[in-house]
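> any chance you could fold what I've pasted below:
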Amino acid sequence: MGRTEILGVALVLLAAFSANTEASLYKWVDERGETHYGEVVPPEYANRDQTQLNKGRAVKKPDSQSDAAKSDTTMNGEQAAMDQRRKDKALLNTYSNEKEIDLARDRNLQQVEARITGAQLLLKSAQGSLDGYHNEAVAKQQAGKAIPDSLQSDLNAAENKVAKLKQDLAKAQEKEASVKAGYEADKIRYRELTGAGKPR
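Numbers count the residues shown, from 1 in each chain. Below you'll find the predicted structure:
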């Protein structure tokens, strides 16, 4: 075979090789753990781990779940940004200075503080009744007498009432703390939006 023929064959092989390398090559693993290569991933392995190769290097590893998670994260981030813009607009439209925020806080706290005061008064009264029943029960025991069913029933009812009033008081105090924290956060955000308090 002459030089010209050899050169011709080499060019044909090179062209064929170049054409083949233009096609995408994929690597995937079957259910037995065996690795396969091909230009097309069989449908039954489409949802399994796979890698697209370019000149022997991995250039892309499809991961629909990861892409979906990123998409959800992006959407959640955009929704959060929209919500924040809406809140900021409402904050600026509602108040013209920080003093108005303090006044709104105080108005809202009036009802909560009234609940706290009422719960404290009721608790004090209920605790007094419970202490009275306890003292009566102790006196009976010291006298060597059994505690009557009626007294035991009053004791149980008084204990339950005190426990419930303590819960009510705790909830009212939590509400008070929540209202204060909410308005304090509004004040901080208001300063950020208006530049209030920054050196000029």
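
> please make it C-alpha for all contacts and neighbour counts, starting now.
OK.

> quick one: the helices in the chain?
3-22, 64-94, 98-142, 149-194 (DSSP state H).

> can you list the ones you listed in JSON lines and add mean neighbour count and mean pLDDT?
Formatted as JSON lines, the helices of the chain follow (neighbours: other C-alpha atoms under 10 Å; pLDDT from 0 to 100):
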{"stretch": "helix 3-22", "mean neighbour count": "11", "mean pLDDT": "50"}
{"stretch": "helix 64-94", "mean neighbour count": "12", "mean pLDDT": "81"}
{"stretch": "helix 98-142", "mean neighbour count": "15", "mean pLDDT": "95"}
{"stretch": "helix 149-194", "mean neighbour count": "15", "mean pLDDT": "95"}
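
> between these, which one is nearest to E44?
E44 lies closest to helix 64-94 among the helices of the chain, at 15.5 Å (C-alpha to C-alpha).

> on contacts alone, who are the packing partners of that closest one?
Other helices and strands packing on helix 64-94, by 3 or more C-alpha pairs under 8 Å, 6 or more residues apart in numbering; DSSP states H and E, are helix 149-194.

> can you do 10 Å?
helix 98-142, helix 149-194 (3 or more C-alpha pairs under 10 Å, 6 or more residues apart in numbering; DSSP states H and E).

> that one vs helix 98-142, what angle?
Here the directions of helix 64-94 and helix 98-142 differ by 100 degrees (axes from the mean of the first three to the mean of the last three C-alpha atoms, to 10 degrees).

> how far does helix 64-94 sit from its chain's centre?
Its chain's C-alpha centre and that of helix 64-94 lie 13 Å apart, by C-alpha atoms, centre = their mean, to the nearest Å.

> related to what we said a few turns ago, out of the helices and strands packed on helix 64-94, which gets nearest to R85?
R85 lies closest to helix 149-194 among these, at 10.8 Å (C-alpha to C-alpha).

> closest to E34 out of the helices and strands packed on helix 64-94?
Nearest of the helices and strands packed on helix 64-94 (C-alpha to C-alpha): helix 149-194, 57.8 Å.

> angle of that closest one against helix 64-94?
80 degrees.

> elements contacting helix 149-194?
By 3+ C-alpha pairs under 10 Å, 6+ apart, helix 149-194 packs against helix 64-94, helix 98-142.
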